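Student: got a predicted structure here, sequence first:
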Amino acid sequence: MNTASVFTFVLYLCVLIAVGVLFYRFSETLQDYILGGRKLKSGVAALSAGASDMSGWLLLGLPGAVYAAGLNQIWIAIGLSIGAFLNWQYVAARLRSLTEKTGNAITLPDYLEQRFEDHTRVLRIVTATVILLFFALYTASGLVAGAKLFESSFGWGYETALLAGAAVIVLYTFLGGFMAVSWTDFFQGILMFLALITAPIMLIFFFENWDTLTAGVAGVDPGFLNAYHEMTLIGILSLLAWGLGYFGQPHILARFMAIDSPKSVPMAQMIGIGWMVFALLGAIFVGFTGIAYFADNPLPDPEFVFLVMVQELFNPWLAGILLAAILSAVMSTVDSQLLVCSSAIAEDFYKGLLRPSASHSELVWVGRFSVVAVAVVALVIAWNPEAMVLELVAWDWAGFGASFGPVILFSLFWRRTTLQGALAGVITGAVTVLVWNHLEGGWFNLYEILPGFVLSSLAIYIFSIRSKPPSESITTIFDAK
Amino acid sequence: MDDIAVPLHSWFWLIVPMLTVFALSIVNYLRSKISSQTDGINTSAPPERAPVNEADVPDSRKKER
């Protein structure tokens, strides 16, 4: 890595920390710290939701998958686009509105407890525990991805890279909370978008015309041009099913809860979906051109296709910015996940179960130190670079999608949903994902989110119908517009 | 011909659904914008309050008065 790239990148990290310092004094209450006081503007909500959702997968995983297997990887992008659209269209405004009406709930466990008037606290404990366990692994996988990038870009040792990356993320999240995370995610989203728009433009000039590019790809393997190449129905359904995961991702739903008004949702949706569609198309195009670009000298690690192309094709200063974009993609997810874990500890366990009368200041500091504590746990998990945490991302996504997605949708759209139904849905979704993952052969090769989502929905319906209807106080809140 | 048809076919499967969700998002935004402007016109002059018909007032309310 040359001096220009290092300078650009270090400058970028300093900006992130400055954002954390800037928002330090705005976190007076826990709602400010973990939900930004519900003052998020459309553009920031949209891009921060996109950036925290996509992770390093957008700039590493997706181009790498297309580079390694060709256009048969497009189905996941289609599934994700449709899932994100439906999430913005049907969940965002309603969730924003209902979480405020149900006692101004600031976390998903808090919302579900109040929505179903659960005086036993079981639903809060179960959902907060699921969040902590799944996100500790999810965060660790982000740290591993970030450290491997630092390692390959700067030539640092893995442990040094891991500690440096985690220190920057923890610092601005610790100081500035949700607003710092959302604003840094916003800038990171812009960087990722610019990277994925400029790279394909440069590549079009490089290959001069479409036929040269297509011929280059076909020269490696003609099957790479075909979306159905070596794909089965189960394979296509599995990739499309990723879109179902959106309804249950706590770090994305937190953006919906934090948006300044339900009326801001249509604009946020337009920005968010536009960002996502063009970013995904850019990432796929980069992977696709990589097949022809590296035809004579294949890359040992497909995931580095974007990184290597950027370093070869771009000016060192621009390459530094684009490298920052890749690390942005990783950091924007890790910071959001740390904050959701912090909210589960501070709001759902500490305030909800231990000290209901805790002061605002006390809760903010519990939240801050929870960020550090979760980061330390994630660091311990990520310390071994050979740990299989990266493979757990798909499983984590399915776990949240199947255990939280159906219960969120039912809680928003079916007034007859009961506490028993909600609990049955969360547990059924989580257990199905856990068990299905270990089964193999035939339909058991289907991505576990699909059976998990269906069975969880069935469990919610059956247990709700068979239990006492919800009280009038619940249905009154549900029916209020 | 087939060599060109296959990749175009695959890109078609990718681009059409993705641009469709983007177009639907734009339409949704424009509809909300128009709807908020219409609301603004309607609420600029508060509607006159209809006279209360005693026969429509429930007995419980009459007792409260």
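Tutor: Everything's here; your move.

Student: state the pLDDT value of residue A:481.
Tutor: At residue A:481, the model reports a pLDDT of 58.

Student: same for the one helix or strand residue A:96 maps to, what does it pack against?
Tutor: According to DSSP states H and E, residue A:96 maps onto helix A:93-101. Counting contacts by 3 or more CB pairs under 8 Å, 6 or more residues apart in numbering or on different chains; DSSP states H and E, helix A:93-101 packs against helix A:108-115, helix A:250-258, helix A:392-413, helix A:472-479. From N, CA and C alone the C-beta is placed, and that goes for glycine too.

Student: tell me which other helices or strands the first one touches.
Tutor: Think helix A:108-115. Applying 3+ CB pairs under 8 Å, 6+ apart, we find helix A:108-115 packed against helix A:93-101, helix A:122-154, helix A:250-258, helix A:392-413.

Student: pick the most buried one from these.
Tutor: Per residue and on average, the most neighbours among these fall to helix A:250-258, with a mean of 26 (mean count of other CB atoms under 10 Å in any protein chain shown).

Student: give me the contacts around that helix.
Tutor: A:34-36, A:38-40, A:45, A:48-49, A:52-53, A:87, A:91-93, A:95-96, A:99, A:105-108, A:111, A:131, A:135, A:178, A:182, A:246, A:265, A:333, A:336-337, A:339-340, A:343, A:400, A:404, A:408 (CB atoms under 8 Å, 6 or more residues apart in numbering or on different chains).

Student: can I get the helices and strands packed on helix A:93-101 in TSV with distance to residue B:21?
Tutor: Listed next are the helices and strands packed on helix A:93-101 as TSV, based on distance: least, CB to CB, whole Å:
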stretch	distance to residue B:21
helix A:108-115	25
helix A:250-258	16
helix A:392-413	18
helix A:472-479	28
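
Student: lowest-confidence stretch among the ones you listed?
Tutor: helix A:472-479 - the lowest mean pLDDT of these, at a mean of 86.

Student: name the residues of it that come out as buried.
Tutor: The neighbour-count criterion (16 or more other CB atoms under 10 Å in any protein chain shown) identifies A:474, A:477, A:478 as the buried residues of helix A:472-479.

Student: take those residues and lay them out in JSON lines including distance to chain B.
Tutor: Below are the buried residues of helix A:472-479 laid out as JSON lines (distance: CB to the nearest CB, whole Å):
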{"residue": "A:474", "distance to chain B": "24"}
{"residue": "A:477", "distance to chain B": "23"}
{"residue": "A:478", "distance to chain B": "23"}
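
Student: quick one, strands of the stretch 251-400 of chain A?
Tutor: Taking DSSP state E, counting those that start in this stretch, the stretch 251-400 of chain A contains no strands at all.

Student: contact residues of it facing chain B?
Tutor: Neighbours of chain B within the stretch 251-400 of chain A, by CB under 8 Å from any CB of the partner chain: A:263, A:266, A:267, A:269, A:270, A:272, A:273, A:274, A:277, A:280, A:281, A:284.

Student: my guess is the first one contacts residue B:36. True?
Tutor: So that's residue A:263. Yes. With contact defined as CB atoms under 8 Å, residue A:263 reaches residue B:36; the gap is 6.8 Å.

Student: what about the two, which has more around it?
Tutor: The neighbour comparison of residue A:263 against residue B:36 (other CB atoms under 10 Å in any protein chain shown) goes to residue A:263, with 14 against 11.

Student: from the buried residues of helix A:472-479, which is closest to residue A:290?
Tutor: Residue A:290 lies nearest to residue A:478 out of these, by CB to CB, at 49.9 Å.

Student: distance of the spatially closest residue to the closest one that is not a sequence neighbour from residue A:472?
Tutor: Take residue A:478 and drop its neighbours on the chain: the residue closest to it by CB to CB, 6 or more residues apart in numbering or on different chains is residue A:415, 4.6 Å away. Distance, residue A:415 to residue A:472, by CB to CB, to the nearest Å: 11 Å.

Student: and for residue A:432?
Tutor: 33 Å.

Student: quick one: low-confidence residue ranges for the chain.
Tutor: The chain I'm using is chain A. For chain A, the stretches flagged by pLDDT under 70 are A:1-2, A:5, A:385-391, A:481.

Student: let me rephrase: I mean chain B.
Tutor: B:1-8, B:40-65.

Student: how about the residues of it by chain A?
Tutor: Taking CB under 8 Å from any CB as the contact definition, chain B meets chain A at B:3-4, B:6-7, B:9-11, B:13-15, B:17-19, B:21-22, B:24-26, B:28-29, B:31-33, B:36.

Student: hmm, 7 Å instead?
Tutor: Within chain B, the positions lying close to chain A (CB under 7 Å from any CB of the partner chain) are B:3, B:6-7, B:10, B:13-14, B:17-19, B:21-22, B:24-26, B:28-29, B:32, B:36.

Student: buried among those residues? Make that a ChimeraX selection.
Tutor: Typed into ChimeraX, the line below selects the buried ones among the residues of chain B next to chain A, using 16+ other CB under 10 Å:
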select /B:6,7,10,14,17,18,21,22,25,28,29,32
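
Student: the residues of chain B next to chain A in helices, which ones?
Tutor: Mapping the residues of chain B next to chain A onto helices (DSSP state H) picks out B:3, B:6-7, B:10, B:13-14, B:17-19, B:21-22, B:24-26, B:28-29, B:32, B:36.

Student: what helix or strand is residue A:119 located in?
Tutor: Element membership for residue A:119 (DSSP H and E) is empty, with no helix or strand holding it.

Student: what is the burial count for it?
Tutor: 8.

Student: quick check: the gap between residue A:446 and residue A:124.
Tutor: Applying CB to CB to residue A:446 and residue A:124 gives a distance of 32 Å.

Student: and for residue A:309?
Tutor: If you go by CB to CB, the gap between residue A:309 and residue A:124 works out to 47 Å.

Student: my guess is residue A:151 contacts residue A:159. True?
Tutor: No. At 9.6 Å, residue A:151 does not count as touching residue A:159 under the criterion of CB atoms under 7 Å.

Student: residue A:461: what's it in contact with?
Tutor: For residue A:461, the contacting residues are residue A:421, by CB atoms under 7 Å, 6 or more residues apart in numbering or on different chains.

Student: so it sits in a helix?
Tutor: Yes. Assessed by DSSP: H, G, I helix; E, B strand; the rest coil, residue A:461 belongs to a helix.

Student: separation between it and residue A:443?
Tutor: 22 Å.

Student: for the closest residue to residue A:122 other than its chain neighbours, which residues are in contact?
Tutor: Nearest non-adjacent residue to residue A:122, counting by CB to CB, 6+ apart: residue A:423, 6.7 Å away. Counting by CB under 7 Å, 6+ apart, residue A:423 touches A:122, A:123, A:126.
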